[in-house]
Structure formats: C-alpha cells, structure tokens
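Q: missing the sequence, but the structure's below:
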C-alpha cells in the first residue's frame, strides 16, 4: 500500500474499491459481535460439556438442516443476481433477488415455528420446564436464544436490505454500470450465511 | 512539503458561511466533515461541563464528613454519571471525533471523508445515545448506580434504570464504529497525489491506529451490553451465578473492549502532540517512523492486556502473570513516543506559545500517568492498590492529564484554523497556572490517599483520610476555575477575536496551506505532495 492512492473526489466517478473496503470493515465488526457470543459458548461448553450435549439433543435438527439448505441456496441466488446484473440480464437479477428474499423469509418462518415449539414445551429463560433442568442446560438455552435471536435479526435486516436493492434495480438506480450497492448487500447476506454455518454445528449438532 | 495550492485566495468566512443550506439546518444536515467536527465539539464540551459539575458535587461530598451532604445512593448515581458521561461522551469520541473529523481530510489533501453521509449519521447516533443516557436519568427507578463498568451480577439485579443506560452506551458504540470505519477507508482511498503512507502527518497515523481499535474492539462491548439487557429483560442466565453463569466472563468481555478503549482515548492525543511539538520547535520530528509505528504497536499490544483490570477477580495465576508481563510491554511504545518528542525538542528553536505549553504539560502529566500504570501493573502491588483512589488518580492523570490536556493543546493549536479567530494568548497561559497547579494538588493527593487505603466509590470516608480529602477538593476547585478561564477565553475569541492568519504558527502540514477557516472543499486546487511532512527547511527536505 505504499503507492499513493488515486486522486478520488466525490465529484468524480464512484470509488468502488473504497465502498467495498468500508463494507468489509463493517463485516469484521459483525464477526466480532458474534465473536463475543462464541467466546461465551466455548467457555461454558468447557465448564458444562455434558449439559451442552443434553441441550443439543432436544433441538430440532431437521428444522436446523432445512434452514441451512434455505440459506445456502439463497447465497447462491444472491451471487447469481450480481453476475446477471453485470452481464446485463436484468430479468434474471430480479428473479434471483426475489428468490433470495423468499428464502430469507422462509428461514425466519421456520425459526418462528421452532421457537414456538420450544416455548410451548416451557423451554425458555425462566420457563417452567427449563427451570427444572440443570444450570448448564439453562446456559445452553440462554445462548441458544441469544445466538439464534441475534442471527435472526441479521436475517431480517438482510431481507430488508435486499428488498431495497430489488426496488433500486427496478428503478434503475442499481445498474450494470453501478452495482456496488448490490454487491455490498450480497456480501452482507453471505456473512449472515457464514455465521449460520457455525451456529448449526455448535447448537444443533452439539449432541 | 511543497504544495501547488499554496497562495490560493482565502475565502473570508470559509466553510462557516458556505454550504448547501443556510442557518441551523445547514449545520444539522451538513455532510461537510468540518461542520460535523464542530457539531461534535459543541455537544461534547456541553456534556464535559455537565460531568465536571457532577465531579465538583462529588468533591463537595468528600468535604463534608459527619453527616455527608448527599445520601449514599445519590453519590452512587454521581460517580456512575460522571464516569459514563466523561468516558462515553467526551474522552472516547475525544480528539478523533472533533479534530479527526475536521483535519483528517484536510491533512491528507482530500475534500471530505470517504463516506460523508455515514459521517453525519455517526453524529446522529452519538446524539441519540447521549439523549438516551439523559433520559435514563429521569425515568425508571432512579439513575443507574453501577459505575461506568456495569459489572454483573449487580448490573443485572439493581432496580435502577440500567437497561436504558446500557442501551445508550450501545448506540454510542455504534457511532464510534462507523467513525472508525469511515476514517480507515478515508486514509486508504482519499490521500492526495504524492501523499505516500510515510508522508502522512503523525496525527493521521494516530487516527488510523485508533480507527482500527474502534472497529475491532467496540463490537465486543456491543454484544456484552446487549447480553446485559437480555439478562435484565429475559433472564438468559449467561452472567447470572444463580443460573450457572459466570460474572468473571462479563468482566473479561467488558475489558476486552474497555482496555483497548483507553488507547482509543489517548492515541489521537499523542498524534496531536506529535503535530504541535515540531511546529513550535521549528524542526522536523525526530523518529517519524518510530512514532508512526508505535501508534500501531500500541493498538496491537493494547488489545492483549485487558486482564490487568482483573488481577483480584480470582483469575488463574498463569493468566495474571502473562497479563502483567504484557502490561509492562505496552509501556514501551508509549515511551518511544515520549523519547522522540524530547529528542525533537533537543536543539530546536522552541517557541513557548500556549499550545506548546499545554503540549509539554501533556508529556509531564502523561509520564506520571504512564509510570503509575506500570506500578499497578505489577501483580503484588496491584492487590494492595486495586479499587483504591490510587487507581482513580492514575487514570485521571492519563485520561485528563493526557487526553484532556492533549485536547486543550489541540484546541489552542487548531482553534484559529477552525474558526478563523485568534484568542487571547496571554489569557490562555494565565489559565494554565490554575489548571496545572490545581490538577496536581487534586490528583496527586488521590494517589497518596489510595496508597493509604482509601477505597474508590465510597460516599464517605474514615476521619484519618479527611485532611487529604480537603486538600484534593481544594485542588479540584482551583482546576475547575482554570478550566472556566480557558473556555471563557475561547468563547470571547469566537465572539470578538481578531481575524486569524492562514498560518499563525508557521506550521508546514497541509492544513496551514489553506485559508483560515478553510473553504467548503478545503483547497482551491487539489494539493500535490512532493516530500516528507515537517520539512521546515525545504532545501534539505528536513
């Protein structure tokens, strides 16, 4: 980086590299946000290995795996939408963005079903059934709700951002010549996906 | 550094009058980095004086013994508010939010930061967080009483309005992250032609190092505070010993952010001192690269020493020993800076202008703050000093003697550039005496009190400490008198100060090569850089 940067001004052409650098730094901060939870998870797992094993057994692995499939597929569709836009295929871009948004919503719907089921069983913080379980399982479910909850909020944010991008593509504010907003939104969506790939084994496959 | 923009025609009132919108909306909706810097300056100083006032009330409390003036719970709220406001609303945004916003683009020859709208959004996050903190005082069951550290399990049990206070700190953290992100991208992408990395002024290096700490450490605070909120609202149990949670993990997470945060506070002040000293010694900085890289070294090493806040928490001895060693190591890059500043002064033609006086005061006070920090970094001594007035004295020497006085020095240095007005320089020196003398009477006495065993955060004290408490309070009042003189002088200058020249101090970095105050887009023509910064003798480029 010892080379002087290009003379960039806000009146000149848009700085793509700068916009992407900013996004990558933002993604670092997101990773560290979840990093705090991962530290807590590893500490408590070391303290309560047996309870974490038991806690993981009661989670719905099928729903977890289905959600993984949804998110992985949506990462593909968002990547295709960017490539399609760059190649000038606006129709395919809109279809793929739409598919990504639908998959994101399906993920959240699934999560809603899953949480409702746990709460119906009385497994939630201060819930009647959870109170009967040993301390380690209380912590496990505390972390389960915190981690999937925070991740769910990120999925929701991602769906909103992608919907805005969809509107931008329709209004020609994001085009083949100026697509960095969509690319950054896609980066964000991939991050949400990557974090889920860690959450799945840590929570659902822990048993 | 030579520059093609030199000699441009100055615009009378510069950015202060130019802008898309007029009047108040012109300020509140402006994406001009200079106006945003001034917005930060105004809001931060307002909160600074609120916290000073609370500090004065605390010193009055310690003057009165039997019975003390305020009830214990009131005093708890006082030290919490004093800490939260001073830390999160003044020293943490500190020099980086005010002078960083104003001078980062100018000193690298850019017309603005990389993301101007995001920059304005950061200020709105800041104001929102600040207002939430104020609302937290007057709603719920009384103002937070946890201290600024929000230690669990007390913070999850106390009935006071901690939830909102913690959320305010979370929002402020967001503001800090966005500023950091913006500054890193700006330094990477917006430098003027010829502004190589090793031609950047040292203030820019310090902002760059600080921005990385802001970006990498603040999210940890974010998640920790969110978990405290979740704990209070839902009882998730992760910090609650009754449910098997471990409060020590809260302390770890808190200090993983909050120790690097003290470097967010001090490093930009060190950067400003690195600008002021060569200007008034009229000589190039000694050890440019050593100072630049020591900022980065502080950022890296400072992220690994958080455990020294927890020596008495029952952590493993091995961990304690490692943290103690790393704490000693982090003193090295700070000392490198001090030695280089001193070497810059050697054989320089020193001109003791007010800004220089305050910069030298920074070195003196920071040296005391730094050395007391090394003392309490030793494990055995720490057990005796932990949670006493010694600690309070130490961090006030660093935070106020360092960052605070650095802020005053930077303000004196850049005030004519920012507002196009010159203050009364004699008055700035007169104000220095009560500030310096009062400061040392106040905080040095605190060091002694702590060594004698006076615990921090107690609303009252045993009779044997009373004499020292009276001395400390008198020192505090003298210091506050000096601060009033200082800021009164600057306000008077805004009101009817003489017009400042473009380059009143003979500085050679880019900000002195544009008019005072700078025009809307900073330079008439885009500057090109052909040499090192601090080249006071163009012939030898030194």
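A: It's in. Only a predicted model underlies this, so the values are computations on that prediction, with no experimental measurement involved. Numbers count the residues shown, from 1 in each chain, chains lettered A, B, ... in the order given.
Q: Where does residue B:416 sit: helix, strand or coil?
A: Counting by DSSP: H, G, I helix; E, B strand; the rest coil, the backbone at residue B:416 sits in helix.
Q: looking at it, it is touching residue B:422, isn't it?
A: Yes - with contacts defined as C-beta atoms under 8 Å, residue B:416 counts as touching residue B:422 at a distance of 5.2 Å. Placement of C-beta: from N, CA and C, glycine included.
Q: quick one, which of the two is more surrounded?
A: Each of residue B:416 and residue B:422 had its neighbours counted (other C-beta atoms under 10 Å in any protein chain shown), and the higher figure belongs to residue B:416 (24 against 16).
Q: For chain A, see how far away the more buried one is.
A: In this view, residue B:416 and chain A are 27 Å apart by C-beta to the nearest C-beta, to the nearest Å.
Q: Show the contacting residues for that residue.
A: Contacts for residue B:416 (C-beta atoms under 8 Å, 6 or more residues apart in numbering or on different chains) come out as B:422, B:423, B:500, B:501, B:504, B:516.
Q: Just the buried residues of those residues.
A: A residue is treated as buried here by neighbour count (16 or more other C-beta atoms under 10 Å in any protein chain shown); on that basis the buried members of the contacts of residue B:416 are B:422, B:423, B:500, B:504, B:516.
Q: Show me the two of those residues that sit farthest apart.
A: Considering C-beta to C-beta, no two members of the buried ones among the contacts of residue B:416 lie farther apart than B:423 and B:516, which are separated by 12.9 Å.
Q: Next, count neighbours for the closest residue to chain A within the stretch 401-542 of chain B.
A: For the stretch 401-542 of chain B, the nearest residue to chain A under the criterion C-beta to the nearest C-beta is residue B:526, separated by 6.4 Å. Taking other C-beta under 10 Å as the neighbour definition, residue B:526 ends up with a count of 17.
Q: related to what we said a few turns ago, from the buried ones among the contacts of residue B:416, which land in strands?
A: Taking DSSP state E as the definition of strands, those contribute residue B:422.
Q: for the buried ones among the contacts of residue B:416, which one is nearest residue B:354?
A: Lowest distance from residue B:354 to the buried ones among the contacts of residue B:416 (C-beta to C-beta) belongs to residue B:423, with 8.2 Å.
Q: Spatially nearest residue to that closest one (excluding sequence neighbours)?
A: Distances taken as C-beta to C-beta, 6 or more residues apart in numbering or on different chains put residue B:493 closest to residue B:423, at 3.6 Å, once the chain neighbours are dropped.
Q: Surely that neighbour touches residue B:425?
A: No - judged on C-beta under 8 Å, residue B:493 makes no contact with residue B:425 at a distance of 10.0 Å.
Q: now the helices for chain A?
A: Under the criterion DSSP state H, chain A contains helices at A:16-47, A:49-57, A:61-86, A:90-120, A:128-132, A:135-170, A:180-199.
Q: list the helices and strands the first one packs on?
A: Meaning helix A:16-47. Packed against helix A:16-47 by the contact rule (3 or more C-beta pairs under 8 Å, 6 or more residues apart in numbering or on different chains; DSSP states H and E) you find helix A:135-170, helix A:180-199, helix B:162-189, helix B:202-234, helix B:247-281.
Q: quick one, what contacts the residue of the stretch 301-450 of chain B found nearest chain A?
A: At 11.3 Å from chain A, residue B:303 is the closest residue in the stretch 301-450 of chain B, using C-beta to the nearest C-beta. By C-beta under 8 Å, 6+ apart, the residues touching residue B:303 are B:213, B:216, B:217, B:256, B:259, B:260.
Q: Check the first one and give its pLDDT.
A: For residue B:213, the model assigns a pLDDT of 95.
Q: hang on, the earlier thing: specify which residue of residue B:493 and residue B:425 has the higher count of neighbours.
A: residue B:493 (21 against 16).
Q: Now do the contacts for that one.
A: The contact partners of residue B:493, by C-beta under 8 Å, 6+ apart, come to B:415, B:419, B:421, B:422, B:423, B:424.
Q: If we only consider these, which is nearest to residue A:18?
A: For residue A:18, the closest of the contacts of residue B:493 turns out to be residue B:419, at 30.4 Å, with distances computed as C-beta to C-beta.
Q: count of residues packed around that closest one?
A: The number of residues packed around residue B:419, counting by other C-beta under 10 Å, is 21.
Q: State the distance from the residue nearest to residue B:296 when sequence neighbours are not counted to chain A.
A: Closest residue to residue B:296 in three dimensions, ignoring its sequence neighbours and counting by C-beta to C-beta, 6+ apart: residue B:209, at 5.1 Å. In this structure, residue B:209 lies at 14 Å from chain A, with C-beta to the nearest C-beta as the measure.
Q: Pretty sure residue B:377 is one of the things residue B:321 touches, is it not?
A: No - taking C-beta under 8 Å as the definition, residue B:321 is not a contact partner of residue B:377, at 11.5 Å.
Q: re earlier: what is in contact with residue B:416 and residue B:422 at once?
A: Counting by C-beta under 8 Å, 6+ apart, the common neighbours of residue B:416 and residue B:422 are B:500, B:504.
Q: residues in contact with the residue of chain A found nearest chain B?
A: Proximity of chain A to chain B (C-beta to the nearest C-beta) peaks at residue A:135, 2.7 Å away. Contacts here follow C-beta under 8 Å, 6+ apart; on that basis residue A:135 touches A:48, A:51, B:237, B:243, B:244.
Q: residue ranges with poor pLDDT in chain A?
A: Counting by pLDDT under 70, chain A contains low-confidence ranges at A:1-13.
Q: Right, I'll call it a day here.
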